[in-house]
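Colleague: what follows is a predicted protein model with its sequence.
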Amino acid sequence: KMPHNTAFSPDSRWAYVTVQGENTIAVVDVRKGIKTDTIPVGKTPHNVDISSDGRTLYVANNASEDLAIIDVASKRIEGRIPLSAPHYGVDACPGGRYVFVSGVGGKVVNVIDPKRMVRVKTIEVGDGPHGVRCSGDGNRLFVAVSGADDVAVIDTARLRVTQRIHTGRTPFWIAVSGNR
C-alpha cells in the first residue's frame, strides 16, 4: 500500500500519512494509535505538509502532477493546482503566505498562494530541486538542489534566489530550525 510521508497536526494529536498505493491520506489518531479515516487525494500522493494553524493539508501528487488543498475539518479537497515535473517536496511556509513545491524532475520551485489557490510563480533553481523548507520566520526558503550540489536560498518577499550554499554531492532533504 506504500505509505510514504507524514505531516503532524500542530498539537501532535493527528498524523496525516500519504498512501501511494491507495491514492489517499490515512488519518491517524496518534494517542490511540489507530487509523480513523482516509481522504482520497489524487494519483500517487507523495509528500504532504500542514498549515501552521492545522486547518489545511497540502498534498503533492506525483502521477496527477498537482497539489491537492484539503480542508482538515471536512476532509474535502478545496482545490487542485497543476505543478511542474514531479517527485515533489512541499512546505507550507510559517505565516501562511505561500506554499512551496519543488519537483526533482525539473528545475523549478512552484510558488502557491494558498488563499487564492493558484500558482503565482515558478522560480528556477537548477536541476533536481527536492527538499524545501522555510525559515522559522518565513522570510527565506531553503531548497536542496541535487543536480547543482547546493542549497538555493530564496527571499520569500521578492521570490528570487539570493544565495547558494555549496553542500557537496546530491543534497536531497533539508531541515531548518524553527520550522517543524
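Modeller: In hand now; what should we look at? Quantities reported herein were computed from a predicted structural model and do not represent experimental measurements.

Colleague: who are the contact partners of the residue nearest the centre of the chain?
Modeller: Relative to the mean C-alpha position of the chain, the nearest C-alpha, by C-alpha atoms, centre = their mean, is the one of Val90, at 1.4 Å. Each residue near Val90 by C-beta atoms under 8 Å, 6 or more residues apart in numbering is listed here: Asn47, Val48, Asp49, Tyr58, Val59, Ala60, Leu67, Val99, Phe100, Val101, Ser102, Val132. C-beta coordinates here come from the backbone N, C-alpha and C atoms, glycine included.

Colleague: in stretch 167-178, what counts as buried?
Modeller: For stretch 167-178, burial by neighbour count (16 or more other C-beta atoms under 10 Å) applies to Pro171, Ile174, Val176.

Colleague: ditto for stretch 131-151
Modeller: Buried-residue list, stretch 131-151, by 16+ other C-beta under 10 Å: 131-135, 138, 140-146, 148-151.

Colleague: from the buried residues of stretch 167-178, which is closest to Ser9?
Modeller: Val176 (19.7 Å; C-beta to C-beta).

Colleague: how near is the closest one to Val17?
Modeller: Distance, Val176 to Val17, by C-beta to C-beta, to the nearest Å: 22 Å.

Colleague: and if you look at Thr56?
Modeller: Taken as C-beta to C-beta, the span from Thr56 to Val17 is 17 Å.
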